[in-house]
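>>> Sequence and predicted model, in that order:
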Amino acid sequence: MIDGFGGAREMTNYLLDLGHRRIAVITGGEKNLESEERLRGFRTALIERHFTPLRTLEFKGNFTEISGYEAV
(Lines give C-alpha, C1' and ligand atoms only; values in the text may rest on other atoms or scores of the structure.)
Protein backbone atom coordinates (compact mmCIF):
# COMPACT_ATOMS: atom_id res chain seq x y z
CA MET A 1 0.00 0.00 0.00
CA ILE A 2 1.08 3.55 -0.71
CA ASP A 3 0.47 6.19 1.94
CA GLY A 4 -0.39 9.17 -0.27
CA PHE A 5 -1.65 11.20 2.69
CA GLY A 6 1.42 10.57 4.83
CA GLY A 7 3.85 11.04 1.98
CA ALA A 8 2.38 14.37 0.91
CA ARG A 9 2.20 15.54 4.51
CA GLU A 10 5.84 14.59 5.10
CA MET A 11 6.97 16.21 1.84
CA THR A 12 5.14 19.43 2.67
CA ASN A 13 6.63 19.52 6.16
CA TYR A 14 10.09 18.99 4.68
CA LEU A 15 9.65 21.98 2.38
CA LEU A 16 8.33 24.09 5.26
CA ASP A 17 11.32 23.04 7.38
CA LEU A 18 13.59 24.33 4.59
CA GLY A 19 11.89 27.71 4.88
CA HIS A 20 9.59 27.56 1.87
CA ARG A 21 6.31 29.35 2.47
CA ARG A 22 4.48 29.39 -0.89
CA ILE A 23 4.28 25.74 -1.88
CA ALA A 24 2.25 24.66 -4.89
CA VAL A 25 0.81 21.23 -5.58
CA ILE A 26 -0.24 19.51 -8.80
CA THR A 27 -3.07 17.06 -8.28
CA GLY A 28 -3.99 14.00 -10.29
CA GLY A 29 -7.23 13.30 -12.06
CA GLU A 30 -10.53 14.12 -10.47
CA LYS A 31 -12.16 11.37 -8.40
CA ASN A 32 -8.77 9.65 -8.07
CA LEU A 33 -8.48 8.40 -4.48
CA GLU A 34 -4.67 8.62 -4.42
CA SER A 35 -4.75 12.19 -5.68
CA GLU A 36 -7.37 13.14 -3.09
CA GLU A 37 -5.27 11.63 -0.30
CA ARG A 38 -2.13 13.47 -1.43
CA LEU A 39 -4.02 16.76 -1.54
CA ARG A 40 -5.46 16.07 1.91
CA GLY A 41 -1.95 15.39 3.25
CA PHE A 42 -0.63 18.58 1.66
CA ARG A 43 -3.42 20.70 3.14
CA THR A 44 -3.18 19.01 6.54
CA ALA A 45 0.53 19.77 6.85
CA LEU A 46 -0.06 23.43 6.04
CA ILE A 47 -2.90 23.72 8.54
CA GLU A 48 -0.92 21.93 11.27
CA ARG A 49 1.86 24.47 10.77
CA HIS A 50 -0.60 27.39 10.89
CA PHE A 51 -0.59 28.20 7.18
CA THR A 52 -3.73 28.64 5.11
CA PRO A 53 -3.86 26.36 2.04
CA LEU A 54 -4.30 28.60 -0.98
CA ARG A 55 -6.46 27.22 -3.78
CA THR A 56 -4.49 29.46 -6.15
CA LEU A 57 -1.45 27.21 -5.53
CA GLU A 58 -3.35 23.99 -6.30
CA PHE A 59 -3.20 22.97 -9.95
CA LYS A 60 -4.98 20.15 -11.72
CA GLY A 61 -2.99 17.51 -13.55
CA ASN A 62 -3.53 13.90 -14.57
CA PHE A 63 -0.27 12.16 -13.63
CA THR A 64 1.30 12.81 -17.04
CA GLU A 65 4.46 14.72 -17.77
CA ILE A 66 2.65 17.14 -20.06
CA SER A 67 -0.02 17.97 -17.48
CA GLY A 68 2.73 18.71 -14.94
CA TYR A 69 4.51 20.91 -17.46
CA GLU A 70 1.29 22.78 -18.26
CA ALA A 71 0.46 23.26 -14.58
CA VAL A 72 3.86 24.78 -13.90
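Thanks, I have the structure now.

>>> Quickly note the distance from residue 55 to residue 72.
Distance, residue 55 to residue 72, using Cβ to Cβ, to the nearest Å: 17 Å. Placement of C-beta: from N, CA and C, glycine included.

>>> With residue 29 instead?
Using Cβ to Cβ, residue 29 is found at 17 Å from residue 72.

>>> now do residue 32
The value you get for residue 32 to residue 72, if Cβ to Cβ is used, is 20 Å.

>>> Check residue 63 too.
Taken as Cβ to Cβ, the span from residue 63 to residue 72 is 15 Å.

>>> which of residue 32 and residue 72 has more neighbours?
A side-by-side neighbour count of residue 32 and residue 72, using other Cβ atoms under 10 Å, places residue 32 first with 15 against 9.

>>> Run through the residues that contact the spatially closest residue to residue 2 that is not a sequence neighbour.
The shortest distance from residue 2 to any non-neighbouring residue, by Cβ to Cβ, 6 or more residues apart in numbering, is to residue 34 (6.9 Å). Residues near residue 34 by Cβ atoms under 8 Å, 6 or more residues apart in numbering: 2, 4, 28.

>>> I'd like these written out as CSV, with neighbour count, pLDDT and distance to residue 17 added.
Listed next are the contacts of residue 34 as CSV, based on neighbours: other Cβ atoms under 10 Å; pLDDT from 0 to 100; distance: Cβ to Cβ, whole Å:
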residue, neighbour count, pLDDT, distance to residue 17
2, 9, 89, 23
4, 20, 95, 20
28, 20, 90, 25
